[in-house]
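Enquirer: here is the input, now give the coordinates:
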Amino acid sequence: MDSISVNKFRDNLKIFVEQVVSKHLPLKVTRRNGEDFVIMGADDWEREQETLYVLQNSALMKQIAVSMESNLKNTGYRPTDGELNEITGI
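Expert: This is a model prediction of the structure:
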């Protein structure tokens, strides 16, 4: 993550906000008193929140682990050709 001073951020606010939104990379803004903050796009923040929710949900994480294990062992559910066509819209 790139880091800039609050003065540089303030002087170039429009440029830095556009970069954060278009490149989907957060930007750390540092202050003299040490209370730094991070700028990130709203869509990126929402994705981060969704990821945190999944990671904190132990039942969901267990379900994912079981699914991955069955997939690796090739013992998981296999949709029929008709189901695959319905899913993919073919």
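Enquirer: can you give me the strands in the protein?
Expert: Taking DSSP state E as the test, the strands found in the chain are 2-5, 27-30, 37-39.
Enquirer: most tightly packed of these?
Expert: strand 27-30 (a mean of 17; mean count of other CB atoms under 10 Å). No exception for glycine: its C-beta is placed from N, CA and C like everyone else's.
Enquirer: show me what that one is packed up against.
Expert: strand 2-5, helix 6-11, helix 13-23, strand 37-39 (3 or more CB pairs under 8 Å, 6 or more residues apart in numbering; DSSP states H and E).
Enquirer: the third one packs against which elements?
Expert: Spelled out, that is helix 13-23. Checked by 3+ CB pairs under 8 Å, 6+ apart, helix 13-23 has strand 27-30, strand 37-39 packed alongside it.
Enquirer: who does the last one touch, helix- and strand-wise?
Expert: It stands for strand 37-39. helix 13-23, strand 27-30.
Enquirer: what does the last one contact?
Expert: Think strand 27-30. 1-6, 9, 16, 19-20, 36-40 (CB atoms under 8 Å, 6 or more residues apart in numbering).
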